[in-house]
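K.L.:
For reference, the sequence and a predicted model appear below.
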Amino acid sequence: MRRYLFFVNQPYSYSILRPLQDEIRKRGGEAAWFVAGCTAAPLRADEHHLKTVQEVMEYNADATFVPGDWVPYFFPGIKVEVFHGMARNKRGHSSESESDHYRIRGWFDLYCTHAEKDTAKFQELADKHRHFAVAKTGWPKLDPLLEKGVRGPRERSDDALPVVFYASTFSRSVTSAPDLVDKIGELSRSGRWKFIVTLHPKMDPSVVEQYRALAGENLRFVESHEDLLPILPEADVMLCDTSSIMFEFMFLDRPVVTFKTKMPGPYLIDVDEVGKVEPALQEALMALPELMDATRALCKELHSFSDGKSSSRILDAVDHFLAHDRMKLKSKPLNFIRKVKVRRRLKQELKKGALKR
């Protein structure tokens, strides 16, 4: 029976890792959670919470799954990168802008990739560095969405209001939240639309409070630590900026409208003026063939699988790595300075997390 550890450093990690936990349990394995730097409040009563580094060492996992870009190197077992999003960057598609996604920091033994492009790039890097392996598995976060087979326009009665899911990232250079708060409030009060609103965990608290205050009959505010994936199918269209959640929504085969996005393309309707938001939402509801064909093409590019079985492939990849690949690889770089920084960061994150309890 294998033991697995989930290393959580951001609230979004919970929804990425829980499909893996479900598959681990199906196979009779054990899973435990170690949270550093964010709140552990979303953990459920039946989820095993390791609260100290000593407990992690004693748990002695076979593998640690990481949605972020770092992990304590001294934790037992292999370190598996599953990523916090798909291979798209908030500054566009240039090789420079994607470099952070493909940066090799020397922490991971196995990279679980999502599609042809990112697999080929990581395999090229694996051939160069020779201290990690790559497996094309898909992204576990999408499993619940793809398993349900909920695709296409949402069924609603003729008199039901269309529902807009609004999500915004936090970076001041790309967020639409301050610009759209008044417009979203106006539209939700107009009687023409319903809204579901969520904001990035790092969003300016004053902006978050403005949106919380809009909650009412036609606007539901969803806290950032909540699992958004089950909520996405409740919307007919997404309004966004440059948050990667818009790509997740696209897997429902539904349209996306953006405000001044840094990732433009034929797969979305982008506007640069607040007054154009409502007309764009109305256009999106028409789900024009050109828009939806481009959306489907992008989804295929971002994620090679549509079967909802990525978690299973990840666990198979871990088994294969432990049985066949581990002994073939070179040792990781010593990275003394980075290791000192990681230990210091872990102490800081544990202290920060304790303050959020």
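P.N.:
Received it, and whenever you're ready, just let me know what you need. Numbering: from 1, shown residues only.
K.L.:
Chain neighbours aside, what residue packs nearest to residue 118?
P.N.:
residue 87 (4.3 Å; CB to CB, 6 or more residues apart in numbering). Heads up, the C-betas are built off the backbone N, CA and C, glycines and all.
K.L.:
next one: residue 214
P.N.:
Excluding its sequence neighbours, the residue lying closest to residue 214 (CB to CB, 6+ apart) is residue 185, at 4.7 Å.
K.L.:
I'd assumed that neighbour was in a helix, is it?
P.N.:
Yes - when the secondary structure is assigned by DSSP: H, G, I helix; E, B strand; the rest coil, residue 185 falls within a helix.
K.L.:
Could you pull up the contacting residues of residue 328?
P.N.:
Applying CB atoms under 8 Å, 6 or more residues apart in numbering, one finds that residue 328 lies in contact with no residue.
K.L.:
one step back: surely the residue nearest to residue 214 is in contact with residue 212?
P.N.:
No - taking contacts as CB atoms under 8 Å, residue 185 lies outside contact range of residue 212: 11.5 Å.
K.L.:
Looking at the two, which is more packed in?
P.N.:
residue 185 (17 against 13; other CB atoms under 10 Å).
K.L.:
Can you list the strands that the helix or strand that contains residue 65 pairs with?
P.N.:
Following DSSP states H and E, one finds residue 65 within strand 63-66. Strand 63-66 sits in its sheet next to strand 3-8 (parallel), strand 78-81 (parallel), going by DSSP bridges.
K.L.:
mind listing what's buried in that strand?
P.N.:
By neighbour count with 16 or more other CB atoms under 10 Å, strand 63-66 contains the buried residues 63-66.
K.L.:
Same check on stretch 233-242?
P.N.:
235-242.
K.L.:
okay if I get these as TSV plus secondary structure, distance to residue 315 and pLDDT?
P.N.:
Written out in TSV, the entries for these read as follows (DSSP: H, G, I helix; E, B strand; the rest coil; distance: CB to CB, whole Å; pLDDT from 0 to 100):
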residue	secondary structure	distance to residue 315	pLDDT
235	coil	31	97
236	coil	35	98
237	strand	35	98
238	strand	31	98
239	strand	36	98
240	strand	32	97
241	coil	35	96
242	coil	32	91
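K.L.:
Tell me the one of these nearest residue 313?
P.N.:
Within the set of the buried residues of stretch 233-242, residue 238 lies nearest residue 313; the separation is 27.3 Å, counting by CB to CB.
K.L.:
any idea how far residue 325 is from that closest one?
P.N.:
Distance, residue 238 to residue 325, using CB to CB, to the nearest Å: 39 Å.
K.L.:
which stretches of the chain have low pLDDT?
P.N.:
Along the chain, the model assigns pLDDT under 70 to residues 88-99, 353-357.
K.L.:
the helices in it, which residues?
P.N.:
All helices of the chain, identified by DSSP state H, fall at 13-26, 53-59, 116-129, 143-148, 177-189, 205-212, 245-250, 277-285, 289-302, 310-320, 336-355.
K.L.:
In TSV, list the ones you listed along with distance to residue 170.
P.N.:
Compiled in TSV, the helices of the chain are given as follows (distance: least, CB to CB, whole Å):
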stretch	distance to residue 170
helix 13-26	16
helix 53-59	29
helix 116-129	24
helix 143-148	23
helix 177-189	8
helix 205-212	9
helix 245-250	12
helix 277-285	20
helix 289-302	22
helix 310-320	27
helix 336-355	17
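K.L.:
Tell me which of the ones you listed sits nearest to residue 42.
P.N.:
Set against residue 42 and scored by CB to CB, the helices of the chain come closest in helix 13-26, at 5.0 Å.
K.L.:
I'd like to check which residues are in contact with residue 115.
P.N.:
Listed by CB under 8 Å, 6+ apart, the contact set of residue 115 reads 86-87, 136, 300-304.
K.L.:
Give the PyMOL command for selecting the buried subset of these.
P.N.:
Of the contacts of residue 115, the buried ones go into a single PyMOL selection, burial set by 16+ other CB under 10 Å:
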select buried, resi 86+87+136+301+302+303+304
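K.L.:
which of the contacts of residue 115 lies closest to residue 228?
P.N.:
Checking the contacts of residue 115 against residue 228 with CB to CB, the nearest one is residue 86 at 15.3 Å.
K.L.:
Spatially nearest residue to the closest one, not counting backbone neighbours?
P.N.:
Sequence neighbours aside, residue 302 is the residue nearest to residue 86 in space, at 4.6 Å (criterion: CB to CB, 6+ apart).
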